[in-house]
Structure formats: structure tokens, C-alpha cells
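> structure, please.
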Amino acid sequence: MEHDTIVALMTPGLDLPELATLLHRPAWQARGACRGQGVAAFFEGETSDPAPAKAVCAGCPVRQECFSFALDDLALVGVWGGTTVQERRVLRRESA
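Coordinates of the predicted model:
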């Protein structure tokens, strides 16, 4: 069992949808260049710069899978597949 899953199982108040998400991660996520990097660089704040996260994404072997996943999930925040929330919003509008 992955460390994240074990921590989730031991977290009081974790609801079942969150647990189900942790247990059913797409397999490609284990091969992401961001794996083990920590999440802070990948989630934009008002003053944060997404460039460091995008640099990690640039060389990622599963960037396309990550990008497609993020484009399909409107609720995802942060940098996924080398794109920010705002960039994905624009791409969705352009493809509609």
C-alpha cells in the first residue's frame, strides 16, 4: 500500500469520497516527474509563480496523460500537465 493511502486511512474525519479518490488514482500518476516533489510548487497562490512547476512538467513522461486528466476534471486546481487553472479554462472555452 502506498504511503499516501496509509496516511489517509489513519486520518480522522477523512470522508469516503476522498478515500476512494486516493485508492483509485490513475496508474500514470506513479510515473509523474512531480512524484515526491511536494505539492507546494504545483498549487498557485495569489503571488506564486507557476514556472518552477511547469519546468518539472516539461520533462515529464506522463505529461499528456496528466494534461488530459486535468482538462476533463473542472475541479482540479494547480498546475497539471504543464498548465494552470486559467490556461485550462481558456483551452476548454476554445475547444467548445
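> ok, which stretches of this structure are helices?
With DSSP state H as the criterion, the chain has helices at 3-9, 16-23, 51-58, 63-72, 85-95.
> report the residue spans of the protein with pLDDT below the cut-off.
1-23, 44-47 (pLDDT under 70).
> give me that answer again for 80
Along the chain, segments meeting pLDDT under 80 span 1-24, 44-48, 96.
> and it, what are its domain boundaries?
1-26, 32-95 (automatic domain parsing).
> tell me which of the ones you listed sits most buried.
Among these, ranked by average contacts under mean count of other C-beta atoms under 10 Å, first place goes to domain 32-95 (a mean of 14). Heads up, the C-betas are built off the backbone N, CA and C, glycines and all.
> that one: end-to-end distance?
End-to-end span of domain 32-95 (C-alpha to C-alpha, to the nearest Å): 26 Å.
> quick one: it to chain centroid distance?
Its chain's C-alpha centre and that of domain 32-95 lie 6 Å apart, by C-alpha atoms, centre = their mean, to the nearest Å.
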